[in-house]
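K.L.:
what's the 3D shape of this:
(2 chains)
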Amino acid sequence: MRLPESQVAVLEAASATDERTVTAVAEETGLKPETVTGAAFDLRDEGLVSVSERERVTYRLTEEGERYRDAGLPELRLYRAARDGDGPVPIGDAADAAGLGGETVQIALSNLARKEYGAVDAGAVDPDADADPDVDPEAAALDAVATGEDADETALSRLVERSLAERDERTVRSLTLTDAGVTALMEGVEAAETVDRLTPDLLTSGEWRDVEFGAYDVEADAPDVEGGRVHILRQTAERVKEVLVGMGFREMQGPHADAEFWINDCLFMPQDHPARTHWDQFALDVPPADGLPQDLVDRVAAAHREGVGEDGDGYDSPWTEDIARGVDLRGHTTSLSMRHLSGHALGDLDPPERFFSVEKVYRNDTLDPTHLLEFFQIEGWVMADSLSVRDLMGTFEEFYRQFGVTDIEFKPHYNPYTEPSFELFGQHPETGELIEIGNSGLFRDEVLRPLGVECDVMAWGLALERLLMLIYGFDDIRDVHGTLCDLDLLRSVEVCY
Amino acid sequence: MPVVEVDPDELRRLTGHDEKSDEALVEDLFALGLELEGETERGDLRLEFGPDRLDRLSVEGVARSLRYQYGDDRGVYVPSTNDPDWTIEVDASVPPERPYVTGAVARGVDLDEAALDSLIQLQEKLHATIGRERAKGAIGIHDLTMLKGRALDGAGRSGPANSVTYRGVDPEGDRFVPLDADRELTPAGVLRDHPTGETYADLVAGLDRYPAIDDEIGLFSFPPVINGRRTEVGTASRTLLIELTGTDQPTIDRMCTVICYALDARGATIEEVTVEYADGADPPAAGRSLRRPDLAVDLKRVSHDRVESVLGVDLDESTVVDLLERSGLDATVEDGVYAVEVPPYRVDVLHPLDLIDDVGRAYGFNDLEPRYPDVATVGKRHGGSRLESAVRTQLVGLGFEDLLNFHMTDAATTFDRMGVEPGAAVLGGGPAVEIVEPYSEDYAVVRTWALPSLVSVLANNTHRSYPQDLAEVGFVARRDDDEPTGVAEARHVAAVLARPDASYEDAKARLAALAADLGADLTTPATEHPSFIDGRAAAVTLDGDRAGVVGELHPAVLVDHDLELPVAAFEFRLDALR
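P.N.:
Numbers count the residues shown, from 1 in each chain, chains lettered A, B, ... in the order given. Got it, this is the predicted structure:
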């Protein structure tokens, strides 16, 4: 039989006839008492030893107790000194003769009186001649505690009360070899080693059965681990995409650099609109875009110049194809919606359809904690034969509810490309503040008819960063997006799910 | 968004609602879509609003809207006008770049300081919005009593006996004293020596002849730059001449209408002017004679069905008519079609849909019950987006921190500091797509590759713990004239391993794992790339397609980014993994 080293030692120290205490076994084997106890229990579980327990009370002298054991109890010394005199002896003289001073004098006087070794009266000690200090039970108990012998219980309690001894109660475990233990010893027991690590060798050889694993400090701190993680904004984007796909939306992708035609003109944004100056958008230093569909260009130009429908008016703004062919970084992903609605992305679409994208857009804005030159826009639209403002409200309520934003408010608003239009406001979950969380509306006839869409389309847009800030309460978006990002923040932010 | 400053006392007076507290007014204004942005030092409300309702650019217009909201007014209101006494003659010399003029006369004006401030603010706001900073339309308002009209010459011409002339003048010709000046200047002199002139010089610089309006005495208006001091309007002015010049007739007519409505609200009587375009004036205006202001009511038709389908509620026809009247419109209904009269100040109304918006606002959009549309569609991710997401997941599994960097950067970051020559035939060599007149030099080009962004993040995080293993799947672009937009767009996969013992092998091992995950066959033939150490760079070749580069970054690149440890890296085109 192979057993861990400590168990072998304990087994060999145990006896089949005598109970041996853990302390005794520890002394004999040189193991720590707690190791012996652990081994004893393991051996008991194997049926090799039996373990008995009993409560044991022990006493130990305090420093004061030790002192009195050597010099004698103060009351006895005072009594002896007083007895040497003739009749009552003044306290001072007796104390001097007994070699007592300070507070021991008081201790001597009160105990002398208690034990009736004499009377204390009028500043003098009057000893009782019949008393016998040599058989004082408390003095005897002092000696007994020091030598580990049994003593009178009453005297022991008194010593504890006088703080001359301390009482200690503990479980004493003793072990005895069982028959199986005896047999095992006779057949031979080998010591197995204690190991630090579980190695492949231990596992394949089966040696793991015979080794003892050293115990760790399992409460100690472990080193930091920097696992990779998906960027928090990407996580949020994934969450948004999951929600929208769940609501029946198909994802759009398309060019970041696009003709102004798709970015602005299709949206019925007049070419001299203030938002179309280079201060608001990023024009690219490339030749004018080629390949705009001429029939669509003509219809869009007509919408700008003359309006759409019998009673529709156009803008009194110049419209030229040159401006429409200028290439910009898109200021919104509505350019993708225009490409899809016109049939130039996926071919002609028949209602009903739902589409979305979560993609980057570029705006020439002032950089500050809540505005970046590039951010992600969540864009979504629904195409159906007949859609109302109520459908729009219901769709957005459902979307925002997925992110814990309820009680959406719809504020009538103006966009050149939607009518009616609404800004969406929601309550910040933490601050309770009403913040703008999106912009929406039904696309105007001037947008849809030139694209060849004869049914209704409702659309909305929202900055993904705004949603992230709403969920996480970030106060500076620059900490997470861009090369100024703080790796520690990215590594420590909670995941989004 | 435009901001208009409105004196709440004026608002109470003009609406006739003295009992309204400031708070109550703010609430009513929010319902109109005018949001309180703050207050001025003297307690005026700073209101922010969408730039469509130009009629609300002044306290008079805001008050009119409130009166409709309160139900004090209903239906269309058009000020009555008197017959013209004055004529604006348009000379054939008018610069063809600014051929149009319009105007009006207002009599019996009572301008206190507040009213004068409001009028000046209205002018400024109209300039800033529909006037496109005066390029499309510019307003001049004059004290008519300071003008000396010309007698109309030419036999057989009828009309009033007082006229002023809009003409083109020699920039260094006529002299006049402009506002806020005390000496005579020529128009060109104004552009050189007057602060307002300097501000608007670009609008006329380059014209052979400058726009000018003069009377018997001389030049009194230099549109679109500045008025003459002689005709300056003050609180004592009782009769005003309003003139507007611009690049098209309808725009300046609309601006004129908004001003006439505001002056009418102040108790003025509007008097028409005659605008006489000379036969030699720029077509198509040549020879036309117009009566202005044009306060004609527009008529638009909208069907009851469309109103109901857009709002999603069933309404009685009489209710719709009522809601239209409460919006300051008039309507009659016949065979389910409303004929809606739209007053001329409603310059925002382009289409019948805009009237449905009015009905909705009057009904109260927030009283509509949201409903989830009963429309079934099937949702789906885009293939490209799924691939990108899968690659990102694998990179994270390999221990990379996924990053997100800006697509706009500067040439130094994308080329110079990486040791790459712009236009070089290597990954990241571009040529870069440049931004026209960039707002900031830090954002002047679109990044040609993603590694420079990651190396910048390393440079900005040297105080953070290592290893720093970073990756990004992101957008890059380069000039390519074969593309319809002149821009070739792509998504790249880039990664860096910054650690004291980073080596080529570390980068290749992870690259190989990623390629295997995506089922691509990776080979790494030796190559040269200026960002990498010679002999420790390879072409990332996926299924035979040379898609990028892998290697150890060159010490010169590291030192330039203040990095004090080796960096192994790779970057390749995402589509090579398809």
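K.L.:
for chain A, what are the nearby residues on the stretch 1-150 of chain B?
P.N.:
Contact residues, the stretch 1-150 of chain B versus chain A (C-beta under 8 Å from any C-beta of the partner chain): B:33, B:50-53, B:129, B:132, B:135-136. Any C-beta I mention is one placed from the backbone N, CA and C, and that applies to glycine too.
K.L.:
hmm, try it at 7 Å
P.N.:
Counting by C-beta under 7 Å from any C-beta of the partner chain, the positions of the stretch 1-150 of chain B adjacent to chain A are B:33, B:50-52, B:132, B:136.
K.L.:
Pull out the buried residues from those.
P.N.:
Buried members of these, scored by 16 or more other C-beta atoms under 10 Å in any protein chain shown, are B:33, B:50-52, B:132, B:136.
K.L.:
neighbours around the residue in the stretch 451-578 of chain B that chain A sits nearest to, how many?
P.N.:
Relative to chain A, the nearest point of the stretch 451-578 of chain B is B:Gly486 (3.3 Å; C-beta to the nearest C-beta). Using other C-beta atoms under 10 Å in any protein chain shown, B:Gly486 has 19 neighbouring residues.
K.L.:
Repeat that for the one 5 residues further on.
P.N.:
If you count neighbours by other C-beta under 10 Å, B:Arg491 ends up with 19.
K.L.:
B:Glu325 touches B:Tyr77, doesn't it?
P.N.:
No: applying C-beta atoms under 7 Å as the test, B:Glu325 and B:Tyr77 come out as separate, 11.2 Å apart.
K.L.:
coming back round to it: reformat the residues of the stretch 1-150 of chain B next to chain A as CSV; add distance to A:Glu219.
P.N.:
Below are these laid out as CSV (distance: C-beta to C-beta, whole Å):
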residue, distance to A:Glu219
B:Gly33, 62
B:Gly50, 62
B:Pro51, 65
B:Asp52, 67
B:Arg132, 72
B:Lys136, 76
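K.L.:
Regarding chain A, what is its longest helix?
P.N.:
If you go by DSSP state H, chain A has its longest helix at helix A:232-246.
K.L.:
What are the buried residues along that helix?
P.N.:
Neighbour-count burial for helix A:232-246, counted by 16+ other C-beta under 10 Å, picks out A:232-241, A:243-245.
K.L.:
Quick check: the two most widely separated of those?
P.N.:
Using C-beta to C-beta, the two most remote members of the buried residues of helix A:232-246 are A:Ile232 and A:Val245, lying 20.4 Å apart.
K.L.:
ok, now how distant is the closest residue to B:Phe415 other than its chain neighbours from B:Pro525?
P.N.:
In this structure, B:Phe415 finds its nearest non-sequential neighbour in B:Pro422, 4.9 Å apart by C-beta to C-beta, 6 or more residues apart in numbering or on different chains. Using C-beta to C-beta, to the nearest Å, B:Pro422 is found at 26 Å from B:Pro525.
K.L.:
Can you give the domain ranges for the chain?
P.N.:
This is for chain A. A:2-60+A:168-213, A:63-157, A:233-492 (automatic domain parsing).
K.L.:
You answered for a different chain; I wanted chain B.
P.N.:
Using automatic domain parsing, the domain ranges for chain B come out as B:3-68, B:81-292, B:298-367, B:383-577.
K.L.:
Make CSV out of the ones you listed and add mean pLDDT.
P.N.:
Formatted as CSV, the domains of chain B follow (pLDDT from 0 to 100):
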stretch, mean pLDDT
domain B:3-68, 89
domain B:81-292, 91
domain B:298-367, 95
domain B:383-577, 95
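K.L.:
Closest one of the residues of the stretch 1-150 of chain B next to chain A to chain A?
P.N.:
B:Gly50 (3.2 Å).
K.L.:
So the closest one, which state does it fall into?
P.N.:
Secondary structure, DSSP: H, G, I helix; E, B strand; the rest coil: B:Gly50 is coil.
K.L.:
How about it: what's its closest non-neighbour residue?
P.N.:
Nearest non-adjacent residue to B:Gly50, counting by C-beta to C-beta, 6+ apart: A:Tyr414, 3.2 Å away.
K.L.:
Relative to A:Ile477, which of the buried residues of helix A:232-246 is nearest.
P.N.:
Taking the buried residues of helix A:232-246 together and measuring to A:Ile477 by C-beta to C-beta, the closest member is A:Leu233, at 8.9 Å.
K.L.:
what sits against the closest residue to the closest one other than its chain neighbours?
P.N.:
Of all residues beyond its chain neighbours, the one nearest A:Leu233 is B:Leu404 (5.5 Å), with distances taken as C-beta to C-beta, 6+ apart. Contacts for B:Leu404 (C-beta atoms under 7 Å, 6 or more residues apart in numbering or on different chains) come out as A:231, A:233-234, A:481, B:472.
K.L.:
Adding distance to A:Glu116, write these out as CSV.
P.N.:
Below are those laid out as CSV (distance: C-beta to C-beta, whole Å):
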residue, distance to A:Glu116
A:His231, 90
A:Leu233, 91
A:Arg234, 92
A:His481, 92
B:Glu472, 96
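K.L.:
that older thread, distance-wise, check the residue nearest to B:Phe415 relative to A:Arg444.
P.N.:
44 Å.
K.L.:
cool, and A:Phe399?
P.N.:
Taking C-beta to C-beta, one finds A:Phe399 at 22 Å from A:Arg444.
K.L.:
Then A:Val25?
P.N.:
As judged by C-beta to C-beta, A:Val25 and A:Arg444 stand 94 Å apart.
K.L.:
again with B:Leu122
P.N.:
Distance of B:Leu122 to A:Arg444, computed by C-beta to C-beta: 28 Å.
K.L.:
Same question for B:Ala471.
P.N.:
B:Ala471 sits 43 Å away from A:Arg444, going by C-beta to C-beta.
K.L.:
And those two? Which one has more around it.
P.N.:
Using other C-beta under 10 Å as the criterion, B:Ala471 and A:Arg444 rank with B:Ala471 on top: 30 against 25.
K.L.:
my guess is that one meets B:Gly397, correct?
P.N.:
No: counting by C-beta under 7 Å, B:Gly397 is not a contact partner of B:Ala471; they are 10.9 Å apart.
K.L.:
Apart from its chain neighbours, what residue comes closest to the residue in the stretch 151-300 of chain A that chain B sits nearest to?
P.N.:
Residue nearest to chain B within the stretch 151-300 of chain A (C-beta to the nearest C-beta): A:Val286, separated by 3.3 Å. Of all residues not flanking A:Val286 in the chain, B:Gly486 sits nearest, at 3.3 Å (C-beta to C-beta, 6+ apart).
K.L.:
Pull the contacting residues for the one you found.
P.N.:
By C-beta under 7 Å, 6+ apart, the neighbours of B:Gly486 are A:286-287, A:327, B:479-480.
K.L.:
now with 8 Å?
P.N.:
A:257, A:284, A:286-287, A:289, A:327, B:433, B:479-480 (C-beta atoms under 8 Å, 6 or more residues apart in numbering or on different chains).
K.L.:
before we move on, what about B:Val169?
P.N.:
Neighbouring residues of B:Val169 by C-beta under 8 Å, 6+ apart: B:93, B:187, B:209-212, B:219.
K.L.:
Give me the distance between the residue of the stretch 451-578 of chain B closest to chain A and A:Leu284.
P.N.:
For B:Gly486, the distance to A:Leu284 - C-beta to C-beta - is 7 Å.
K.L.:
Quickly list what's touching both of the two.
P.N.:
A:257, A:327, B:433.
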